[in-house]
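[1] Here's my sequence, what's the structure:
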Amino acid sequence: MGEGFRTLPTIKEKVIALGSFLRRQAYTFGPLKHGKTKDRFKVDTGSLKTRMGDYVVWERRAPLIEYVYMVPPSLNLPDSLRICLEIVDLICSKAPLHMHTLTLCPVTLEESEEVEEEAWAPPEGKPVDPAVLERLFGDPIKNQKPPKPPAKKTSGFGGSYVKPPDKNPNEKKRKKGKRRFGETTIGRLPLRHVHAAKACIAILAEIADSCVSGKGRARLEQVWELDGQTGGEAIQNSRRKKGMGKRAFVGLQKKKQQKLPPRKNLHPKETEKADVRRERDKMVALRKQEKDRLRREKRQQELKLIIEEQKKAKKAKLNADKRAKSESEEKTKGDREAKKNKKKEEDKKRRIEIQKWREDKQAAEVAAKNPGKTKPKKRTRYVAKKNHIEQDRK
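    Here you go, the predicted structure:
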């Protein structure tokens, strides 16, 4: 409470002021709900109500007096001035200075009314269907039929047994359907050979159908020269047609593309048969492969044309570059020769000028040495030695 607390004259007033401050803290932070504490000095930790008590504890014996920073009522100041002074005091207390311009004044409090808490009641839920309640909580044995009495035992050799129920003479026998080709043979094989047997029998059935319909012979005549021959040995001894490669052979008939079965609109809890789903997935994958193959071939043809055009453009560019290079080489060669000749002429002209300059200089030196214009004596010894060296060289 700061300096204002020390200005109170008596110890009793100081105790009442301190108690009023604690009571205000209990009223402010006690009723708060439990929550995560962010600041130990600002937010309730959840146990202040238990430690500091509520209004019932504080209003039982403590005096209902609270000390507040305000203008004393005995001064009889106008309301506007009083409110302005209290606002200034509040601003100064909230500022970093934490100072008060007013003094503590006692204020009488009124007793608070008790708040009656409502009795707890379970939440009302959605009403349940009576049929569901009867099914969940009703008597399960009430609606059940009594079980059948056990069958009587008949005594026999070595013990007793229960006689099986008699067959109904009016019941119609279920006719067995017509068996498919090779089904009897498959039934005799062990389980591990069933898949391979089914595949072999399917191929044999297709070959038999082709032989009966005549489509198989038509495919044979496309590769071999039969000439009306019949029988297996005669066909085996036949020759290939001219122009047929060694890799040409007669195969099974190409299967037509089956119609894709539509997907059934099933309930979310229903599932489709596994063999039907596998067949559809297989057909979808085959169609996708065929589309990819056609798209790939088309793209390959486009790429071939693009590569040919690029090769032609590249070849034309190389030829143009070679032609330009040869032209530039010829041009540079002529420029180089002209430059070389020009340099030779300039060197020759410069040598002539230098020779002339030397002769003029030598003549000037001779003139400077012989002002009387007398001819110098010949150096016979030097000339004889020079002639002797030239003869040795020869």
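[2] which stretches of this structure form strands?
    Applying DSSP state E to the chain gives strands spanning 65-70, 103-108, 153-156, 159-162, 224-225, 239-240.
[3] now the fifth one: mean pLDDT?
    Strand 224-225 comes out with an average pLDDT of 84.
[4] cool, and the second one?
    Averaged across strand 103-108, pLDDT comes to 86.
[5] which intervals of the stretch 251-394 of the chain have sub-threshold pLDDT?
    257, 371-394 (pLDDT under 70).
[6] care to break this protein down by domain?
    Segmentation of the chain into domains, based on automatic domain parsing, reads 3-108, 184-240, 301-370.
[7] Residue 291 is nearest to which of these?
    Set against residue 291 and scored by Cβ to Cβ, the domains of the chain come closest in domain 301-370, at 16.2 Å. In short, each C-beta sits where N, CA and C put it, glycine included.
[8] Distance check, residue 24 against residue 17.
    Distance, residue 24 to residue 17, by Cβ to Cβ, to the nearest Å: 11 Å.
[9] Between the two, tell me which one has more neighbours.
    Taking neighbours as other Cβ atoms under 10 Å, residue 24 and residue 17 compare with residue 17 leading, 19 against 13.
[10] I figured that one hits residue 5, correct?
    Yes: here residue 17 lies in contact with residue 5, judged by Cβ atoms under 8 Å, at a distance of 6.1 Å.
[11] which residues do the two both contact?
    Common contacts of residue 17 and residue 5 (Cβ atoms under 8 Å, 6 or more residues apart in numbering): residue 104.
[12] With distance to residue 171 added, can I get the domains of the chain in TSV?
    Listed next are the domains of the chain as TSV, based on distance: least, Cβ to Cβ, whole Å:
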stretch	distance to residue 171
domain 3-108	76
domain 184-240	27
domain 301-370	69
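[13] and of those domains, who's closest to residue 286?
    Comparing the domains of the chain by Cβ to Cβ, domain 184-240 comes nearest, at 17.3 Å.
[14] What's the end-to-end length of the closest one?
    Domain 184-240 has an end-to-end distance of 39 Å (criterion: Cα to Cα, to the nearest Å).
[15] quick thing: my sequence starts at 384, can you match it?
    With 384 as the first residue, the last one maps to domain 567-623.
[16] Residue 664: which of the domains of the chain is closest?
    The closest of the domains of the chain to residue 664 is domain 567-623. By Cβ to Cβ, the value is 18.6 Å.
[17] about what we covered before: need the strands of the chain in JSON lines (columns: mean neighbour count and distance to residue 730).
    Listed next are the strands of the chain as JSON lines, based on neighbours: other Cβ atoms under 10 Å; distance: least, Cβ to Cβ, whole Å:
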{"stretch": "strand 448-453", "mean neighbour count": "17", "distance to residue 730": "114"}
{"stretch": "strand 486-491", "mean neighbour count": "14", "distance to residue 730": "118"}
{"stretch": "strand 536-539", "mean neighbour count": "9", "distance to residue 730": "144"}
{"stretch": "strand 542-545", "mean neighbour count": "9", "distance to residue 730": "139"}
{"stretch": "strand 607-608", "mean neighbour count": "16", "distance to residue 730": "92"}
{"stretch": "strand 622-623", "mean neighbour count": "11", "distance to residue 730": "87"}
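[18] could the ones you listed be laid out in JSON lines, adding distance to residue 475?
    Formatted as JSON lines, these follow (distance: least, Cβ to Cβ, whole Å):
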{"stretch": "strand 448-453", "distance to residue 475": "10"}
{"stretch": "strand 486-491", "distance to residue 475": "13"}
{"stretch": "strand 536-539", "distance to residue 475": "108"}
{"stretch": "strand 542-545", "distance to residue 475": "105"}
{"stretch": "strand 607-608", "distance to residue 475": "118"}
{"stretch": "strand 622-623", "distance to residue 475": "118"}
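[19] could you give the mean pLDDT of stretch 409-420?
    Model confidence over stretch 409-420, given as mean pLDDT, is 58.
[20] And stretch 395-405, by the same measure?
    87.
[21] contact partners of that stretch?
    384, 388, 391, 435, 445-446, 448-450, 487, 489.
[22] Tell me the buried residues in it?
    Within stretch 395-405, the residues scored as buried using 16 or more other Cβ atoms under 10 Å are 396-397, 399-400, 402-403.
[23] which residues sit against stretch 547-564?
    Contacts for stretch 547-564 (Cβ under 8 Å, 6+ apart): 584, 588.
[24] Only the buried residues of that stretch, if you could.
    Within stretch 547-564, no residue counts as buried by 16+ other Cβ under 10 Å.
[25] Can you give the distance from that stretch to the centre of its chain?
    Offset of stretch 547-564 from its chain centre (Cα atoms, centre = their mean, to the nearest Å): 61 Å.
[26] just stretch 617-626 next, same as before
    61 Å.
[27] Next, the distance between the ends of it.
    21 Å.
[28] Can you tell me what sits against stretch 586-599?
    By Cβ under 8 Å, 6+ apart, stretch 586-599 touches 564-565, 600, 602, 633, 635-636.
[29] at 6 Å what do you get?
    If you take Cβ atoms under 6 Å, 6 or more residues apart in numbering as the criterion, stretch 586-599 is touched by 564, 635-636.
[30] Return the member of these nearest to residue 578.
    Closest to residue 578, out of all of these and judged by Cβ to Cβ, is residue 564, at 16.7 Å.
[31] Now for residue 546: which residues touch it?
    Shown in contact with residue 546 (Cβ under 6 Å, 6+ apart): residue 537.
[32] Show the pLDDT at it.
    Model confidence at residue 546, given as pLDDT, is 73.
[33] just so I have it, where are all the helices in the chain?
    Secondary structure of the chain by DSSP state H: the helices cover 386-389, 394-412, 431-435, 438-444, 462-477, 513-520, 566-571, 577-596, 598-604, 615-619, 657-752, 763-776.
[34] I'd like to know which of those helices is closest to residue 626.
    helix 598-604 (14.3 Å).
[35] Same question for that closest one: list its buried residues.
    By neighbour count on 16+ other Cβ under 10 Å, the buried set for helix 598-604 is 599, 602.
[36] ok so, going back, so which of the domains of the chain is nearest residue 655?
    Of all the domains of the chain, domain 567-623 sits nearest to residue 655, with 22.3 Å by Cβ to Cβ.
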